[in-house]
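Q: prediction below, plus the sequence it came from.
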Amino acid sequence: MTQTHPLENLYQEELYNIRGKILVLVRKPWADIQEDERTLLTKILSSVKLSLASVQIIHRAEFDAVDFSAYRPDYIIAFGSSLRSSNKMYERVVQNDVAIVVADELDQLDDVRKRNLWLTLKQLFHS
């Protein structure tokens, strides 16, 4: 019989999978975002095992990754905010070592856009 260390199987490895800092950009101030939009954002984040508490939310109409260098994000998910240097949406864009996904505003996400966003976020966070 083989002896194992008592702590060998105590924690699952997912516990140690710590993600980098994540910024969520919205086009309008948080106070102007409707309850159904907040619920949708919560569902979108939870689909990739994130929560509102695990991200930092900033409102900005347009941006570049360099605008947020003080925050040192690893990921930016933008809803309605446009990336100045790219018009790609629902695709992973890397700028200054920051992975960026740009999507439509929360109230404009239909089923097709939600699916495109989910596929991109799944690839971004599970790769």
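A: Ah, there it is.

Q: what ranges does the chain have for its strands?
A: Under the criterion DSSP state E, strands of the chain are mapped to 22-26, 56-59, 62-63, 75-79, 82-83, 92-95, 98-103.

Q: so which of those is the most surrounded?
A: strand 75-79 (a mean of 25; mean count of other Cβ atoms under 10 Å). From N, CA and C alone the C-beta is placed, and that goes for glycine too.

Q: sorry, back to before: want to throw the strands of the chain into a markdown table with mean pLDDT and distance to Thr39?
A: Below are those laid out as a markdown table (pLDDT from 0 to 100; distance: least, Cβ to Cβ, whole Å):
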| stretch | mean pLDDT | distance to Thr39 |
| --- | --- | --- |
| strand 22-26 | 96 | 14 |
| strand 56-59 | 94 | 14 |
| strand 62-63 | 96 | 25 |
| strand 75-79 | 96 | 14 |
| strand 82-83 | 96 | 24 |
| strand 92-95 | 94 | 25 |
| strand 98-103 | 96 | 16 |
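
Q: compare those strands and report which one is nearest to Val112.
A: strand 98-103 (11.8 Å; Cβ to Cβ).

Q: list the buried residues for the longest helix seen in the chain?
A: The single longest helix within the chain, with elements called by DSSP state H, is helix 111-126. By neighbour count on 16 or more other Cβ atoms under 10 Å, the buried set for helix 111-126 is 114, 116-117, 120-121, 124-125.

Q: now swap in stretch 38-58 and tell me
A: Across stretch 38-58, burial judged by 16+ other Cβ under 10 Å covers 40-41, 44-45, 48, 50, 55, 58.

Q: from those residues, which is closest to Val24?
A: Taking Cβ to Cβ as the measure, Val24 sits nearest to Val55 out of these, at 4.8 Å.

Q: so who does the closest residue to Ser69 other than its chain neighbours touch?
A: Nearest non-adjacent residue to Ser69, counting by Cβ to Cβ, 6 or more residues apart in numbering: Asn96, 7.1 Å away. Asn96 is in contact with 65-66, 69, counting by Cβ atoms under 8 Å, 6 or more residues apart in numbering.

Q: closest to Phe79 among those residues?
A: Of the contacts of Asn96, the one sitting nearest to Phe79 (Cβ to Cβ) turns out to be Ala65, at 16.3 Å.
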